[in-house]
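> build me a model from this:
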Amino acid sequence: MAGRLKTLDSRIKESIGTRIKVVSPGSWRSGMTSSQRGYDYKWQKAREQYLRDNPLCVYCERSGRTTAASVVDHIVAHRGDMILFWDQANWQSLCKPCHDSVKQAEEAAGLGG
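Modelled structure (predicted):
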């Protein structure tokens with residue numbers, strides 16, 4: 001007897017070039033480009049300046065490590081709220097490994113705002 005499909009993953013994976021984008025149905029960002037979500041030239045310039053002013057990963061610093069940051073993370077997920085998006089008090093510098101592991105795990109657990 002053939003096995004039964006018990007669950008369906010609630011996320012859709014779209015292949016874009018060499019990257020795979022995971023979009024949750026009903027997500028505020030579904031169908032939007034990064035520029036449409038606010039990550040445009042103005043963001044790139046603000047991000048560069050923020051990283052110059054705050055060059056170290058705050059998560060690594062908490063663990064006693066000194067690591068260069070490469071990501072400006074929104075502490076509380078903005079979900080399209082442009083006032084929250086541009087609020088620098090809601091920004092933190094992270095290295096890519098911390099952003100892609102620790103921060104994502106916190107958000108998945110409901111700790112990221």
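
> mind listing residues that contact the helix or strand containing residue 83?
In this assignment (DSSP states H and E), residue 83 forms part of helix 82-86. Applying C-beta atoms under 8 Å, 6 or more residues apart in numbering, the external contacts of helix 82-86 come out as 38, 46, 74, 76, 78, 90. C-beta coordinates here come from the backbone N, C-alpha and C atoms, glycine included.

> pretty sure the second one is in a helix, no?
Yes. Following the definition DSSP: H, G, I helix; E, B strand; the rest coil, residue 46 is counted among the residues of a helix.

> might you report the residue contacts of it?
72, 86 are the contacts of residue 46 under C-beta under 8 Å, 6+ apart.

> what pLDDT does it get?
According to the prediction, residue 46 has pLDDT 96.

> and for the first one?
Confidence per residue is given as pLDDT, and for residue 38 that number is 65.

> try the fifth one
Per-residue confidence for residue 78 comes out at a pLDDT of 87.

> now residue 15
45.

> check residue 59 too.
pLDDT, read off for residue 59, is 96.

> a strand runs through it, doesn't it?
No. Under three-state DSSP, residue 59 falls outside any strand and is assigned helix.

> so for it, what's the nearest residue that isn't a sequence neighbour?
In space, residue 59 comes closest to residue 98 once its chain neighbours are excluded; the distance is 4.1 Å by C-beta to C-beta, 6 or more residues apart in numbering.

> where's that neighbour, which helix or strand?
Assigned by DSSP H and E, residue 98 falls in helix 96-98.

> so for that helix, what gets flagged as buried?
The neighbour-count check on helix 96-98 (16 or more other C-beta atoms under 10 Å) flags residue 98 as buried.
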